[in-house]
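Asker: Got a sequence here, can you model it:
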Amino acid sequence: MSPTHRLYFLILCAFIPRRVQTQQIYDVWQTTWDRSSLFTSFPRTTSTAINFNPSTNSIPTSVNIVVDDAVEYQDIIGFGGSLTDSAALILKNIKTANSGNYWNLLNYMFNPTDGVNAAGLSYVRVPIGASDFSASVYSLDDSNGDTSFHSFNINRAPAYLFEVLRDIQTINDLLKVVHVLPWSPPAWMKDSGTMNGGSIKPDMVSFYPTYLLKAVKGFQAMGFPIYANEPQNSNPTYPTCTIAPDVEAQIGSALRSLLNDNGLSNVKIIGYEHNWDDAGAYPVTLIHDAPDAFAGVAFHCYEGNVDNQDVFHNAEPSKDVYLTECTGTLGSDWWGDIKWYMDNLWIGALEHNAKSGLMWNIALDGNGNPMLPGAVSCNKGGCRGLVTVNSDGSYSFNQDFYSMAQASKAVIPKDSGGPFGTRIHVSVTGSLGWTLRAGAYITRRKNPSDWSRYSIVVLNWYDTSPAGSWSPTPVTASISFRGMQATYTFPVGVTTLWWYAPPTS
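Answerer: Numbers count the residues shown, from 1 in each chain. You can find the predicted model right below:
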């Protein structure tokens with residue numbers, strides 16, 4: 001994978017923009033504030049396609065979306081969520097109760113085929129051992145003092161976890177990332193004597209990398225390609241562990257050597273796995289202490305602000321940034337959530353250098369269960385999955401999914417086995433520029449001479465009048481690209497649209 005998170009300027013001597021006179025927008029996907037459209041496709045015919053025309057000053061819009069493909073940023077590797085034990089169990093249950101619904105659900109979430117009615121989610125995160133969404137507390141080796149890990153067994157994880165993961169793979173052959181991470185080392189390796197809270201014992205630090213190596217090899221042996229990382233959290237009610245940055249650096253360095261020595265040099269180690277608020281401290285220290293071990297760091301949304309990601313990126317511009325966890329809360333406002341997600345996660349986190357966007361549980365029931373008995377997390381009303389699955393085998397997708405799907409659709413490969421999208425520069429100008437938030441991407445082709453796909457994801461959050469009353473207002477904007485302009489009216493909600501243009505060189 002090429003280096004990321006650096007600003008690339010494509011500088012051409014005497015550069016003359018290629019016009020795109022024949023280019024048209026045919027593909028539009030929308031989710032609207034009133035739910036009249038939910039990740040709905042609005043394909044256009046030749047007669048109704050949106051044309052790009054030579055730029056003039058006569059287009060009567062107060063908003064201009066300017067897409068500049070001469071400035072490229074990071075490659076995007078995809079969107080998705082965590083397949084916790086609970087999420088896998090919920091999905092296994094719907095497979096048993098209603099197999100047709102199960103496969104329809106997976107297809108709608110994970111099918112990456114260009115043009116189909118599906119989100120193409122492509123990034124799955126899996127806990128190593130128990131989390132707060134497991135039936136019981138367990139590690140992959142609960143044999144006390146087993147520093148040789150003779151009793152290590154990947155199958156201590158429930159069989160339905162691997163079954164559902166394989167089913168997702170059958171839907172999405174681009175599922176190149178299974179991001180695995182431990183919520184806690186085994187209890188016997190910790191000062192608390194339990195997986196719930198505490199820290200790793202100093203005399204266990206040298207053994208823990210072998211445990212993680214065996215986990216990676218276990219997943220790999222089952223056919224699941226792996227990323228690996230460490231968390232930073234302590235809670236006495238469910239599996240967690242606090243690890244200081246210098247200790248995580250030791251673990252990461254040793255694990256990097258073990259992976260390399262075992263033919264797994266392609267597996268990346270992602271550090272930190274915690275909130276935005278500490279972005280300038282812990283993860284910067286971690287990378288400083290072990291620059292060759294870690295490919296980058298991962299952030300969660302629960303504390304701090306998304307622009308804190310820039311603090312890390314500016315300190316370590318050669319390292320990757322990932323957004324790997326955020327959760328919806330039961331009973332929260334549907335449209336308010338959509339706005340926050342787009343602003344902070346699916347547009348915002350990428351705007352601040354993230355290569356990925358993930359929510360927490362892929363699936364839960366309507367009460368945010370099943371949770372680990374006694375676990376105190378999701379304490380603001382209960383966690384919500386991307387999809388809610390009912391005991392009768394029915395299901396419904398949530399705002400978390402619909403907003404994510406709009407972003408995922410913009411970056412999935414155009415060609416089977418082709419590259420995902422790369423973020424490019426976009427700005428929104430004009431007297432009503434504040435009414436829209438936009439992200440822009442180029443998706444190149446397997447054949448370099450084929451026209452690339454250009455996409456924009458646009459949030460129209462102009463839902464309140466100047467007097468403060470509720471007044472959802474569509475916004476007509478021009479879209480400027482290589483000296484050409486198209487015009488489109490964005491309803492209040494999220495719109496994803498794309499067009500094609502020839503390579504620039």
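Asker: from here on, contacts and neighbour counts on C-alpha atoms
Answerer: Will do.
Asker: Could you report the separation of residue 418 from residue 406?
Answerer: Distance of residue 418 to residue 406, computed by CA to CA, to the nearest Å: 20 Å.
Asker: more neighbours, the two?
Answerer: Higher neighbour count among residue 418 and residue 406: residue 406, with 26 against 15, using other CA atoms under 10 Å.
Asker: Helix, strand, or coil at the closest residue to that one other than its chain neighbours?
Answerer: In space, residue 406 comes closest to residue 496 once its chain neighbours are excluded; the distance is 6.0 Å by CA to CA, 6 or more residues apart in numbering. With DSSP: H, G, I helix; E, B strand; the rest coil as the basis, residue 496 sits in strand.
Asker: show me the residues around residue 496 that make contact.
Answerer: By CA atoms under 8 Å, 6 or more residues apart in numbering, residue 496 lies in contact with 28, 29, 30, 406, 407, 409, 410, 455, 456, 457, 458.
Asker: my guess is the fourth one contacts residue 494, does it?
Answerer: Yes: contact between residue 406 and residue 494 holds when scored by CA atoms under 8 Å: they sit 7.1 Å apart.
Asker: Find residues that contact each of those two.
Answerer: Common neighbours of residue 406 and residue 494 (CA under 8 Å, 6+ apart) are 30, 31, 457.
Asker: does residue 493 have beta-bridge partners, and which?
Answerer: Beta-bridge pairing for residue 493 (DSSP bridges): residue 32, residue 460.
Asker: and the gap between it and residue 457?
Answerer: In this view, residue 493 and residue 457 are 11 Å apart by CA to CA.
Asker: now residue 84
Answerer: Residue 84 is 29 Å from residue 457, where distance means CA to CA.
Asker: looking at this, residue 73 is in a helix?
Answerer: No: going by three-state DSSP, the assignment for residue 73 is strand, not a helix.
Asker: what's the burial count for it?
Answerer: By other CA under 10 Å, the residues close to residue 73 number 21.
Asker: all strands for the stretch 351-500 of the chain, in order.
Answerer: Assigned by DSSP state E, counting those that start in this stretch, the strands in the stretch 351-500 of the chain fall at 354-361, 363-364, 383-384, 387-389, 395-397, 422-429, 436-443, 452-460, 475-481, 484-490, 493-501.
Asker: With mean pLDDT and distance to residue 169 as added columns, please give these in JSON lines.
Answerer: Formatted as JSON lines, the strands of the stretch 351-500 of the chain follow (pLDDT from 0 to 100; distance: least, CA to CA, whole Å):
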{"stretch": "strand 354-361", "mean pLDDT": "97", "distance to residue 169": "18"}
{"stretch": "strand 363-364", "mean pLDDT": "98", "distance to residue 169": "17"}
{"stretch": "strand 383-384", "mean pLDDT": "96", "distance to residue 169": "24"}
{"stretch": "strand 387-389", "mean pLDDT": "98", "distance to residue 169": "18"}
{"stretch": "strand 395-397", "mean pLDDT": "98", "distance to residue 169": "20"}
{"stretch": "strand 422-429", "mean pLDDT": "98", "distance to residue 169": "23"}
{"stretch": "strand 436-443", "mean pLDDT": "98", "distance to residue 169": "22"}
{"stretch": "strand 452-460", "mean pLDDT": "97", "distance to residue 169": "25"}
{"stretch": "strand 475-481", "mean pLDDT": "96", "distance to residue 169": "37"}
{"stretch": "strand 484-490", "mean pLDDT": "95", "distance to residue 169": "35"}
{"stretch": "strand 493-501", "mean pLDDT": "97", "distance to residue 169": "26"}
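Asker: Now distance to residue 56 too, for the ones you listed, in TSV please.
Answerer: Shown next, in TSV, are these (distance: least, CA to CA, whole Å):
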stretch	distance to residue 56
strand 354-361	35
strand 363-364	49
strand 383-384	47
strand 387-389	45
strand 395-397	43
strand 422-429	16
strand 436-443	22
strand 452-460	21
strand 475-481	10
strand 484-490	8
strand 493-501	20
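Asker: among the ones you listed, which is nearest residue 293?
Answerer: Residue 293 lies closest to strand 354-361 among these, at 18.7 Å (CA to CA).
Asker: and that closest one, which strands flank it?
Answerer: strand 78-82 (parallel), strand 320-325 (parallel).
Asker: ok, which stretches of the stretch 251-400 of the chain are helices?
Answerer: With DSSP state H, counting those that start in this stretch applied, the stretch 251-400 of the chain shows helices at 282-289, 308-315, 334-341, 348-351, 399-411, listed in chain order.
Asker: Deepest-packed of those, please.
Answerer: helix 399-411 (a mean of 26; mean count of other CA atoms under 10 Å).
Asker: so that helix versus strand 436-443, what angle?
Answerer: 50 degrees (axes from the mean of the first three to the mean of the last three CA atoms, to 10 degrees).
Asker: Find me the pLDDT at residue 174, would you?
Answerer: For residue 174, the pLDDT comes out at 84.
Asker: likewise residue 13?
Answerer: 32.
Asker: ok now do residue 43, which residues does it touch?
Answerer: With CA under 8 Å, 6+ apart, residue 43 has these contacts: 26, 27, 28.
Asker: Format those residues as CSV; extra columns: neighbour count.
Answerer: Formatted as CSV, the contacts of residue 43 follow (neighbours: other CA atoms under 10 Å):
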residue, neighbour count
26, 18
27, 18
28, 18
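Asker: Next step: those restricted to strands.
Answerer: Members of these lying in strands (criterion: DSSP state E): 27, 28.
Asker: Export the contacts of residue 43 to CSV and append columns for pLDDT.
Answerer: Converted to CSV, the contacts of residue 43 look like this (pLDDT from 0 to 100):
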residue, pLDDT
26, 90
27, 94
28, 96
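Asker: Please convert the contacts of residue 43 to JSON lines, extending it with distance to residue 244.
Answerer: Below are these laid out as JSON lines (distance: CA to CA, whole Å):
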{"residue": "26", "distance to residue 244": "52"}
{"residue": "27", "distance to residue 244": "48"}
{"residue": "28", "distance to residue 244": "47"}
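Asker: what about residue 404, distance to residue 159?
Answerer: Using CA to CA, we find residue 404 at a distance of 28 Å from residue 159.
Asker: typo on my end, residue 140
Answerer: The span separating residue 140 from residue 159 equals 13 Å under the rule CA to CA.
Asker: who's more crowded, the two?
Answerer: Neighbour totals were compared for residue 140 and residue 159, and residue 140 leads with 22 against 14 (other CA under 10 Å).
Asker: wait, the more buried one sits on residue 150?
Answerer: No: counting by CA under 8 Å, residue 140 sits too far from residue 150 to count as a contact (10.9 Å).
Asker: can you pull up the bridge partners for residue 356?
Answerer: With DSSP bridges as the rule, residue 356 is bridged to residue 78.
Asker: Pull up the gap between it and residue 469, please.
Answerer: Note on residue 356: its distance to residue 469, by CA to CA, is 36 Å.
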